[in-house]
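# Sequence and computational prediction follow.
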Amino acid sequence: MTQAPAPSPTTKDFGGVLRSAARNLGWLLASRSVLAILSLFYLGFATRTLGVVDFGRFALITGAVQALTTFVGFQTWQIIVQYGVQPLHDGDSPRLARLFRLAARLDLSSAILGALLTIGILQVWANAFGIPRDLMHYTLVFAVIQLLTIRSTPLGILRLRDKFSLSALADSMTPVIRFVGAGAAMLFDPTIRGFMIAWAAAELVTAATYWIMVWRSGDFALMLGGRSGWRALVAENPGVVKFALSTNASATLGLSSKQIPLLLVGASIGPAAAGAFRLAAQVAQALAKLSQLLSRAAFPEIVRAVRTAAPERLRYILVRTMLASSAAALAILAVVALIGEPMLKLVGGKSFGSAYPVLLWLAAAGCFDLATVSLDTVLTAVNRAGTVFAIRVVGVVLLFIGAFALMPLYGSSGVAMGVAIGSVAVAILLGFAAANLTRSRP
């Protein structure tokens, strides 16, 4: 009896890519929906309690720490997904354990390096960040907590295992604890110190939740048993060093550039301007967060598709995902343009309404990031992380050129314009790189 031909692996795998990415994104959006609603409350608590100047100081402290964390941290979740798909498929638990252990060691090394850098930076540039002497101790503790709670490894393990619901639950701890902590700070310790404690508590609880999820799945015990020498790890994961450095550098340029403009505003114009800029950036960062969600949801599935499906499907994947992300970007930009100014006044008070032009420029930059997030994801999945890094270098250079040129004329809005210029350049260059990729592959 003649058997019917098996379904095309290309068609099957590509359909699975879209369905799995959509399911993953659904869990991530559920988590971020909680964040979006609660963030309006805890930001309102902070801005109305601290006022423009002290909120600006608080924003500079948290922004500097987040930039430092991004600078020293490796994107180990991408390493786990990139190099864990094959051993997971083959059922090679020892190799998977060694990969998990490698990622955890990278995170720990990043935390130690970051703590040492923080001590030096605070000793030299504390005044530039507007950090009073009485907050130096709390700032250092806050920075160390932020670094020690880097959770890229458990995030990658859950992503690889396709447990997006668990990672969404863990992510939801951040806004919940910030909301509770900000409310407590407003009532019992209405100072910068009180809100720093609330933010630090949120990081601790979120990181603990992630690791509890990994422990309950059995992967924590698996990771502890994954002992191996560095040479063996490199040998069984070819290109892992280059991939780790490239993704770290790209993330540093992409994410730290969101914090550096804030620090530039604070150092050049003052804490009050930084406070208004930070609130506008926080609202606009909803776009950046959506870009990260799309990337995190699609990356595991795109890696699987690249490994198992015919390469000619890449062009179709790129076009479909880019159309969807572009439509979402335009819709969100329209919403920001309509309700952005009332939102700023509602959350922060009338004094924050002047940040509306900053919000529009940052939202426009976020739109370009969101529209082209699929290009970044696919290029990384096919081991073109070095290309992505080079493109982001160009974007950051243009960001600084634009910011320094326009800030004397337009103040904080000029810095936001520089951010938009950098994002446009990155979007254009990613488009050219993706077009070359699809032409060069069959």
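Right, received. Where do you want to start? Numbers count the residues shown, from 1 in each chain.

# Show the contacting residues for L96.
For L96, the contact set (C-beta atoms under 8 Å, 6 or more residues apart in numbering) comprises 84, 87-88, 222, 226. Just so you know, the C-beta spots here come from the backbone N, C-alpha and C atoms, and that holds for glycine as well.

# Reduced to three states, what does it come out as?
helix (DSSP: H, G, I helix; E, B strand; the rest coil).

# mind listing the helices for the stretch 201-350 of the chain?
For the stretch 201-350 of the chain, applying DSSP state H, counting those that start in this stretch gives helices covering 219-224, 230-236, 240-268, 271-308, 313-348.

# So for A385, which of those sits nearest?
helix 240-268 (3.5 Å; C-beta to C-beta).

# Of all the residues in the closest one, which ones are buried?
Residues of helix 240-268 classed as buried: 240, 243-244, 246-268 (neighbour count, 16 or more other C-beta atoms under 10 Å).

# Also stretch 425-438?
For stretch 425-438, by 16+ other C-beta under 10 Å, it's 425-427, 429-430, 433-434, 437-438.

# What is the distance between it and the centre of its chain?
In terms of C-alpha atoms, centre = their mean, to the nearest Å, the centre of stretch 425-438 is set 21 Å apart from its chain centre.

# try stretch 127-140
26 Å.

# what's next to that stretch, contact-wise?
56-57, 60-61, 64-65, 118-119, 122, 126, 192-193, 196-197, 263, 266-267, 270-271, 274.

# For K258, give its distance to R278.
11 Å (C-beta to C-beta, to the nearest Å).

# again, but for L222
Counting by C-beta to C-beta - L222 and R278 are separated by 41 Å.

# sorry, back to before: drop anything exposed from the contacts of stretch 127-140.
56-57, 60-61, 64-65, 118, 122, 126, 192-193, 196-197, 263, 266-267, 271, 274.

# which residues of the stretch 251-400 of the chain score low on pLDDT?
254-257, 285-314, 317, 381 (pLDDT under 70).

# mind redoing it with 50?
For the stretch 251-400 of the chain, no stretch is flagged by pLDDT under 50.

# residues contacting T387?
Taking C-beta under 8 Å, 6+ apart, one finds 379, 433 in contact with T387.

# Helix or strand: which one has it?
Using DSSP states H and E, T387 maps to helix 385-410.

# buried set for that helix?
Per 16+ other C-beta under 10 Å, helix 385-410 contains these buried residues: 385-392, 395-396, 398-400, 402-403, 406-407, 410.

# for stretch 44-54, same thing?
44-47, 49-50, 52, 54.

# For that stretch, give me every contacting residue.
Stretch 44-54 is contacted from outside by 55, 58, 182-183, 185-186, 190-192, 195, 271-272, 275-276, 279, 346-349, 351-352, using C-beta under 8 Å, 6+ apart.

# Can you turn the buried subset of those residues into a selection I can paste into ChimeraX?
For the buried members of the contacts of stretch 44-54, the matching ChimeraX selection, counting by 16+ other C-beta under 10 Å, is:
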select :55,58,182,185,186,190,191,192,195,271,272,275,276,279,347,348,352
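
# circling back: of all the buried residues of stretch 44-54, the one with the weakest confidence?
In terms of pLDDT, the lowest of the buried residues of stretch 44-54 is V52, showing 83.

# quick one: that one and V388, what's the gap?
Taking C-beta to C-beta, one finds V52 at 37 Å from V388.

# One more: L333?
On the measure of C-beta to C-beta, L333 and V388 end up 24 Å apart.

# and if you look at G51?
Distance from G51 to V388, by C-beta to C-beta: 40 Å.

# Now for A249: which residues touch it?
Applying C-beta under 8 Å, 6+ apart, the residues near A249 are 389, 392.

# cutoff 7 Å now
For A249, the contacting residues are F389, by C-beta atoms under 7 Å, 6 or more residues apart in numbering.

# quick one: pLDDT of it?
Value for A249, per-residue pLDDT: 77.

# Secondary structure element holding G422?
helix 412-440.

# Tell me how far that helix lies from the chain's centre.
18 Å.

# now it: mean pLDDT?
The model assigns helix 412-440 a mean pLDDT of 86.

# With neighbour numbers in mind, choose between L222 and R278.
R278 (30 against 18; other C-beta atoms under 10 Å).

# pretty sure the more buried one is in contact with P261, am I right?
No - shown here, R278 and P261 do not form a contact pair, counting by C-beta atoms under 7 Å, at 10.1 Å.

# Which parts of the stretch 1-150 of the chain are strands?
Counting by DSSP state E, counting those that start in this stretch, the stretch 1-150 of the chain forms no strands at all.

# so where is it shaky, pLDDT-wise?
Looking at the stretch 1-150 of the chain by pLDDT under 50, you get 1-14.

# contacting residues for P154?
Contacts of P154 (C-beta under 7 Å, 6+ apart): 210-211, 213-214.

# scratch that, L99
Counting by C-beta under 7 Å, 6+ apart, L99 makes contact with 80, 83-84, 87, 237.

# which ones are touching the closest residue to I421 other than its chain neighbours?
Using C-beta to C-beta, 6 or more residues apart in numbering and skipping residues adjacent in sequence, the residue nearest I421 is G402, 4.0 Å away. Contacts for G402 (C-beta under 7 Å, 6+ apart) come out as 417-418, 421-422.
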